[in-house]
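Asks: have a look; sequence and predicted model below, questions after that.
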Amino acid sequence: GIDSLIDELHAQADDPAPSEETPEVGIIMGSDSDLDVMAGAYDALRELGFAEQTEYDDPTEARFTFESYVVSAHRTPDLMYAYGETAADRGLDVIVAGAGGKSADLPNMTASIAYPLPVIGVPVQEKSVDSVIGMPTGAPIVAVDAGKSYNAALSAVQILGREHDELVDRLEAEHAELRAGVADVSQSLHD
Ligand code: RP5
């Protein structure tokens, strides 16, 4: 249940695993109804060679991993607090947080609780944008446009790239493919 998950998060923060066994990226979302939109974040991470941590019995097999949880700011504020409060100590480097509706508070609250760990907010719908990005001075959040969870994950990997040259190489390779794709489309206009 929620209480045992909260206990588990605190236990991991108090006695963290070696960094090669902990996920770099945490994906959280307010409801499983956000999954369709948040799937873009999983896609981006997988394309860049990340694996979901739960897929591994031996977590050191995957060089880079992510974890994901449903955490509701309104239904489980205690879990949101525990997740944000323990994130850095548990070994996360960056959080991608999505929420929908007009009270899309999970990204902005998590950003404040986990500060100074970076949180990239994903408004699941257009009507969620103001709630995600409307933060007071001194309480920052980085956010993408509505639905752009793919870009949120790319930004998370850009942040990780400052510490891992390998990820910069992967981002550059992905970008080179995009460039080539534009050239192909452009050429096809003249075929
Ligand atoms: C938000 O409320 C969630 O992020 C979700 O987008 C929305 C509705 O949730 P459900 O009622 O579909 O679970 O906090």
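Replies: Received, thanks. Numbering: from 1, shown residues only.
Asks: mean confidence for the lengthiest helix in the chain?
Replies: Longest helix of the chain, by residue count under DSSP state H: helix 165-188. Taken as a whole, helix 165-188 carries a mean pLDDT of 94.
Asks: identify all contacting residues around that helix.
Replies: Residues outside helix 165-188 that contact it (C-beta atoms under 8 Å, 6 or more residues apart in numbering): 47-49, 63-64, 154, 157-158, 160-161. C-betas here are computed from N, CA, C, even on glycine.
Asks: tell me the secondary structure at the residue nearest in space to the middle of the chain.
Replies: In the chain, the centroid-proximal residue (C-alpha atoms, centre = their mean) is Val96; its distance is 2.2 Å. Of the three states, Val96 takes strand according to DSSP: H, G, I helix; E, B strand; the rest coil.
Asks: what bridges to it?
Replies: Counting by DSSP bridges, Val96 forms beta bridges with Ile27, Ile120.
Asks: surely it meets Ala41?
Replies: Yes: judged on C-beta atoms under 8 Å, Val96 makes contact with Ala41 at a distance of 5.2 Å.
Asks: intersection of neighbour lists for those two?
Replies: Here Val96 and Ala41 have 27, 122, 149, 152-153 as joint contacts, going by C-beta under 8 Å, 6+ apart.
Asks: quick check: residues of this structure near the ligand?
Replies: Neighbours of the ligand within the chain, by C-beta under 6 Å from any ligand atom: 30-31, 33-34, 72, 99-101, 124.
Asks: out of these, which end up buried?
Replies: Among these, the ones that count as buried by 16 or more other C-beta atoms under 10 Å are 30-31, 34, 72, 99-101, 124.
Asks: reformat the residues you listed as CSV; add pLDDT.
Replies: What follows is those, written out as CSV (pLDDT from 0 to 100):
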residue, pLDDT
Gly30, 98
Ser31, 98
Asp34, 98
Ser72, 98
Ala99, 98
Gly100, 98
Gly101, 98
Val124, 98
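Asks: so where do the strands sit in the chain?
Replies: Here the chain has its strands, by DSSP state E, at 25-29, 51-52, 65-70, 94-99, 119-123, 142-143.
Asks: hey, least reliable of those by pLDDT?
Replies: Comparing mean pLDDT across those, the weakest is strand 51-52, with a mean of 94.
Asks: next one: it to chain centre, how far?
Replies: Distance, stretch centre to chain centre, for strand 51-52: 12 Å (C-alpha atoms, centre = their mean, to the nearest Å).
Asks: what's it in contact with?
Replies: By C-beta under 8 Å, 6+ apart, the surrounding residues in contact with strand 51-52 are 42, 62, 64-68.
Asks: hey, where'd the helices end up in this protein?
Replies: 2-14, 35-47, 77-90, 105-114, 129-133, 149-161, 165-188.
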